[in-house]
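Novice: could you work out the structure for the sequence below:
(one chain, ligands or ions: 1)
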Amino acid sequence: MSTATEQRTFDSLNPATGAVVGTHPVQDAGAVRAAVAEAGSAAEWWAGLGWSERRRRLLDYKAVITQNIARVAGVVHEETGKPKADATLEVILAITHIDWAARNARRVLGPRRISPGMVGANLAATLEYLPLGVVGVIGPWNYPVFTPMGSIAYALAAGNAVVFKPSELTPGVGVLLAELFAEAVPERPVFRTVTGLGETGAALAGDPGVKKIAFTGSTATAKRVMAACAENLTPLVAECGGKDALIVDADADVAAAADAALWGAMSNAGQTCVGVERVYVVDAVYDAFMRELTERARTLRAGEDYGPITMPAQIDVIRRHIGEAVAGGKAVLGGPESVREPYVDPVIVEDVPEDSPAVREETFGPTVTVRRVADAEEALEKANATAYGLAGTIFSGNRRRAVELARRMRSGMTAINSVISFASVPALPFGGLGDSGFGRIHGADGLREFARPKAVSRQRFALPGMNLTSFARGQAELDRVVKLVTFLHGRRKR
Ligand code: NDP
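Specialist: Residues are numbered from 1 along each chain as shown. Now for the predicted structure:
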C-alpha cells in the first residue's frame, strides 16, 4: 500500500506472479458517506421507475456483462489467479442470476390481494414488498463476481440502490461491475463501488444511510460487521464460511461420487465456501471410493487445474491444518510438502480425529479429510456435528433415502448425486445457519431479503352489528363474534 500526498491508495496484486493488477483509492468514512448519500437519491429515482423499467434496465445490464464476459473473466483471473475458464463459468453463473432476479422481482414482490378471512370479510387486504433504500454489499475475493452478484442483482431488482465494497484483493472486479452497470443505466449511480480495506467496509456497515448490509466473508468478520450494524439497528444478511461434508452411501455410484468429491474439494484451490472439506464414506464402498479418489487426484496440477491461494495469509491456515491432519491421521496423497507458495497441491488425509481443527475449522484450501463410517446414519451424525451449517452433498443410489438424508442434513443447501448444483438454480435460496450466517440470497427469499413487506387493509363496507373497534361496541356484538369464532374454531379434530 502507498500513501499518496492526497489520497491513500492500495494495489491489487496477481497472486500467481505478485504483479500489480491495479491501484485503487482507499475510500474513507467521508467518501463512503458521500457515496451512500448519492446512492440514496438514486434509490428514489430507481424505485420510482417501477417494475418494467427496472426490469428492462437490469436485463440491459445482463446483456452488457454478457458482451464483456472475456473482460470480466480476465480481471477475475488476474486478481484471484483462478484459471480463465473457471472465471468465465463464474461470470456465466452470475448472468443467470441477474436474469432471474430481473424477470421474477415483480411476481415475487409486487402487490397482491390477500384473502382477509371470514372475520375480515368486509376488508380488502393487500401485500407488497417495498424497497429498503440503499443496500450495502460487502463481498469476498474467492468468487468476486458470482457471490456479491447474488446480493447486488437481487437488491437492485427489488428496487434498491447498491453501494458495493469489494474485497481489497479483488477491487478491480468490483469497479468493473459498477462501470458496466453505468453503461447499461447511465442516468443515476444506482449501483456504485467503493474501494478500500476493512475500514472502508466498516464505514459502510456503520453508515446510517445504509438500510441493509449484505455481507459475505468469514464468520469472524461477520461478527464485527454485525456490531457495526447494531449502532443503527441496520439489518444484516450474513453469508459466512462452511465445513461442508459429502456423504457416500453404500449404494452410491462410487466413481461419480469420487469425481464430485475431488472437484468439490479442489476446484478454485478449495477456496469455495460451499466446497467439500470432509467426506464420510460407508464401509462397504470405502476402499473403492478411495481408489477412485486418489487415482483422479494424482492427475491434478496446482497452477494448471486450479490457481494459487489468493489470500497469502490463508497459506498459514492451510499449512497448519495439513500438519494437524497428518499428525492425527494418515496422509493418502500429499502432505506438508504440498504447500509450494503460492500454490498448494492436492492433499487427501484419512482417519483424522473428528476433534482435529482440520475437521472442525474451515481450511479453504485444496485439501480434504475422508473417514470410513458404518452407515449413512453415522455419516450424517458426523456431518452435522459442526458449528457451521452451509451446504453439503449426498451420493446415494436410493432416491427416497437420499432426499431423506438431505432433509436431515443441518445445512442451508444439500446437493444429491452432484456437487454444488443448488448454486446454479437461481430460484433456490442460498445461505446457512449457525456459524455459516443467516438470511438468504438468490431466489424469491433472496428478493424478499432486500425488501420490506407492506400490509394494507381497506374496509370495503361496514359489517352491520359487528363494529368491534369502537367504544360504541355493545355486549351483543361481542357475543356474536364469540359465537362465530366458536363455530369456526371451537371444534377439536380428535
Ligand atoms: P473476510 O471476512 O476477510 O472479508 C470479507 C469482506 O469484509 C471483505 O470485503 C473485507 O474487506 C471486508 N471487511 C474486513 N473487515 C471488515 C470490517 N471490520 N467491517 C466491514 N467489512 C470488513 O473474508 P474473505 O474475503 O477472506 O472471504 C473468505 C470467507 O468468505 C470464507 O470464510 C468463505 O467461506 C466466506 N464465503 C462465504 C460465502 C457464502 O456465500 N456463504 C461465499 C464466499 C465466501 P478487505 O478484503 O478489504 O479486508
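Novice: okay, now R192: neighbour count?
Specialist: By the criterion of other Cβ atoms under 10 Å, R192 has 21 neighbours. Any C-beta I mention is one placed from the backbone N, CA and C, and that applies to glycine too.
Novice: run me through the strand neighbours of the helix or strand hosting it, direction for each.
Specialist: R192 belongs to strand 191-193 when assigned by DSSP states H and E. Here strand 191-193 is paired, per DSSP bridges, with strand 161-165 (parallel).
Novice: give the next helix or strand downstream of the strand it pairs with.
Specialist: helix 171-184.
Novice: quick check: angle from that next one to strand 161-165?
Specialist: Between helix 171-184 and strand 161-165, the angle comes out at 160 degrees (axes from the mean of the first three to the mean of the last three Cα atoms, to 10 degrees).
Novice: kindly list the longest helix within the protein.
Specialist: In the chain, assigned by DSSP state H, the helix with the most residues is helix 84-109.
Novice: can you give me the buried ones in stretch 350-358?
Specialist: Under the neighbour-count criterion of 16 or more other Cβ atoms under 10 Å, stretch 350-358 has 350, 352, 356-358 buried.
Novice: to clarify, my last question referred to stretch 21-34.
Specialist: Using 16+ other Cβ under 10 Å as the test for burial, stretch 21-34 gives 21-22, 24-27, 31-33.
Novice: can you check stretch 383-392 too?
Specialist: Buried residues in stretch 383-392, counted by 16+ other Cβ under 10 Å: 383, 386, 388-392.
Novice: again with stretch 398-413
Specialist: Applying 16+ other Cβ under 10 Å to stretch 398-413 flags 402, 405-406, 409-413 as buried.
Novice: and for stretch 79-98?
Specialist: So for stretch 79-98, counting by 16+ other Cβ under 10 Å, buried means 79-83, 86-98.
Novice: closest one of the buried residues of stretch 21-34 to V274?
Specialist: Nearest to V274 among those is V21, at 26.4 Å by Cβ to Cβ.
Novice: that's a helix at that closest one, yeah?
Specialist: No - secondary structure of V21, determined by DSSP: H, G, I helix; E, B strand; the rest coil: strand, with no helix assignment.
Novice: check contacts around it.
Specialist: For V21, the contact set (Cβ atoms under 8 Å, 6 or more residues apart in numbering) comprises 11-14, 75, 78-79, 172.
Novice: strands - which of those residues land there?
Specialist: 11-13 (DSSP state E).
Novice: and those as TSV, adding pLDDT, neighbour count and distance to R301?
Specialist: Listed next are these as TSV, based on pLDDT from 0 to 100; neighbours: other Cβ atoms under 10 Å; distance: Cβ to Cβ, whole Å:
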residue	pLDDT	neighbour count	distance to R301
D11	98	14	28
S12	98	26	26
L13	97	18	23
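Novice: considering only the buried residues of stretch 383-392, which also neighbour the ligand?
Specialist: Of the residues in those, proximity to the ligand by Cβ under 6 Å from any ligand atom holds for L390.
Novice: and the residue nearest to P144 when sequence neighbours are not counted, how many neighbours does it have?
Specialist: Closest residue to P144 apart from its sequence neighbours, by Cβ to Cβ, 6 or more residues apart in numbering: T170 at 3.7 Å. A count of nearby residues for T170, using other Cβ under 10 Å, gives 25.
Novice: please apply the same query to V349.
Specialist: 27.
Novice: in contact with it, which residues?
Specialist: Taking Cβ under 8 Å, 6+ apart, one finds 322, 325-326, 329-332, 358, 367-370 in contact with V349.
Novice: low-confidence ranges in this structure?
Specialist: Along the chain, segments meeting pLDDT under 70 span 1-6.
Novice: which parts of it sit against the ligand?
Specialist: The chain comes close to the ligand at residues 138-143, 147, 165, 167-169, 197-198, 201-202, 205, 216-218, 221, 224-225, 239-242, 273, 311, 362, 364, 390, as judged by Cβ under 6 Å from any ligand atom.
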